[in-house]
Structures are given as C-alpha cells and as structure tokens.
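Q: With the sequence up front, the predicted model follows.
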Amino acid sequence: MKVLEEKILAEGRALNENVLKVDSFINHKVDPELMHEIGKEFAEHFKDQGITKIVTIESSGIAPALMTAYEMNVPMVILKKQPSKVLNDDLYQTLVSSFTKGTSYELTLSSHQISEADHVLIIDDFLANGEAATGALRLLRKAHATIAGVGALIEKSFQPGREKLEAQGVHVYSLARISRLGKGIIEFVQE
C-alpha cells in the first residue's frame, strides 16, 4: 500500500535492525485518515470471504481493526493482554511471548464473543516473528472459529512470521513489507 509505505518513510524511525518506531501515526498518535484507508484496503482484499468478525490484540491493532470492521459492517473483538476484574469467566487463554518487548503475556478471549459460527479476520499492526498472531489463532481455534486470514499493516519480511502462519494454512496479507531495517534504514520488499 503506497500511502502506508510513504508514511513509514516520512515519519517512521528505524532504530536498529529490529525496531521500527511508528508512534507518530499508528501506535501512540493515530492518523485517522490513514486508518480509514487501511480499513478500506483490508475490506477490499477480504471482501468475498464471509467474514463475521474482525479480531485484534490490544492496543495498537485497535484503530486499523475498527476501521476494517466498519468497512465490512461486522463487529470487532479485542483480545486482552491484561487481566480484568470483570472479564473472569468462560475464558480462553494462551501465553504469548513478545519479541519486541522481551516479555510474555496471557492473551485472553471471552467465550461469549466468538463461536464456531464465526469466520474471523485477524488485524494487527506488525507481523514479525508471528507470536502474537499465533497466540490469537490458538484462542480462536479453542473457540472453534474458522480463520479467513491475518492482515498486518507492517510486515518485517526478514523475520519468520509469515512462514509460521502460512505453515498453519493461514493466508497473510501485509500492506507494507519491509525487507531490511537498520539504524536510519528502511527498505521495502519489491513486489
């Protein structure tokens, strides 16, 4: 998606070979016009797949997932990373390791929000090692939902996330695929 690549080049900051900061338009301050365009792009790509719900992981995936849900006229479900005092019964949970943060967290889904009748699209901000998406897949499979695919805003194509998901039979659609990062260096996969 050209507009996203241009935004990454203009405002993204590559700190090293693994970290790309996009906090000025995706995951701290959010560009609503860009999110709307992203939602339209994902909706167009997945339009004929019978999707019943959009799922994302809190919190950086919420804006693009909400716009995708809006464009597809389906509900959005947020997988929780933090324990909740009110979300405490009939839960599906799985442990996920965050490569970027060097921590683990328990991803949680209420069994009341997803069922075997759902055909789900997962939307997330980054796809790198595929741990977050794989955790989401585990929860959705516990709920017996089917998976339409994973939509990622930014894919670090030099990391194994895509291969992990495709090995599980999951369709991956990324809007900006980065082939190389380095301090001050951002290069995209040439399609």
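A: Nice, thanks for sending it over.

Q: use CA for all of it now, contacts and neighbours both
A: Noted.

Q: Okay, strands next: where are they in the protein?
A: Along the chain, counting by DSSP state E, strands occupy 13-14, 20-21, 53-57, 76-79, 91-98, 103-110, 119-127, 146-156, 172-182, 185-188.

Q: Any chance of JSON lines for those, columns distance to Ala133?
A: Listed next are the strands of the chain as JSON lines, based on distance: least, Cα to Cα, whole Å:
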{"stretch": "strand 13-14", "distance to Ala133": "23"}
{"stretch": "strand 20-21", "distance to Ala133": "19"}
{"stretch": "strand 53-57", "distance to Ala133": "9"}
{"stretch": "strand 76-79", "distance to Ala133": "11"}
{"stretch": "strand 91-98", "distance to Ala133": "9"}
{"stretch": "strand 103-110", "distance to Ala133": "11"}
{"stretch": "strand 119-127", "distance to Ala133": "8"}
{"stretch": "strand 146-156", "distance to Ala133": "8"}
{"stretch": "strand 172-182", "distance to Ala133": "10"}
{"stretch": "strand 185-188", "distance to Ala133": "22"}
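
Q: By mean pLDDT, show me the worst of those.
A: If you rank these by mean pLDDT, strand 91-98 sits at the bottom with a mean of 86.

Q: who touches that one?
A: 103-111, 131-132, 135, 138-139, 142-143 (Cα atoms under 8 Å, 6 or more residues apart in numbering).

Q: now do 10 Å
A: Here strand 91-98 makes contact (Cα atoms under 10 Å, 6 or more residues apart in numbering) with 79-81, 103-113, 129-143.

Q: Now the buried members of those.
A: Buried members of the contacts of strand 91-98, scored by 16 or more other Cα atoms under 10 Å, are 79-81, 106-110, 129-143.

Q: how about the residue lying closest to Phe42 once chain neighbours are set aside, what does it touch?
A: What sits nearest to Phe42 in space, not counting adjacent residues and going by Cα to Cα, 6 or more residues apart in numbering, is Thr68, at 6.2 Å. By Cα under 10 Å, 6+ apart, the contact list for Thr68 reads 35-44, 46, 53-54, 62, 74-76, 121, 123, 151.

Q: Any buried residues in stretch 179-191, and which?
A: Buried residues in stretch 179-191 (16+ other Cα under 10 Å): 180-181, 186, 188.

Q: re earlier: look at the residue nearest to Phe42 and report its pLDDT.
A: So, for Thr68, pLDDT stands at 98.

Q: now swap in Asp89 and tell me
A: Looking at Asp89, its pLDDT reads 72.

Q: Next, work out how far apart it and Leu109 are.
A: Separation of Asp89 from Leu109 (Cα to Cα, to the nearest Å): 10 Å.

Q: With Glu11 instead?
A: Glu11 is 33 Å from Leu109, by Cα to Cα.

Q: again, but for Leu165
A: Separation of Leu165 from Leu109 (Cα to Cα) stands at 20 Å.
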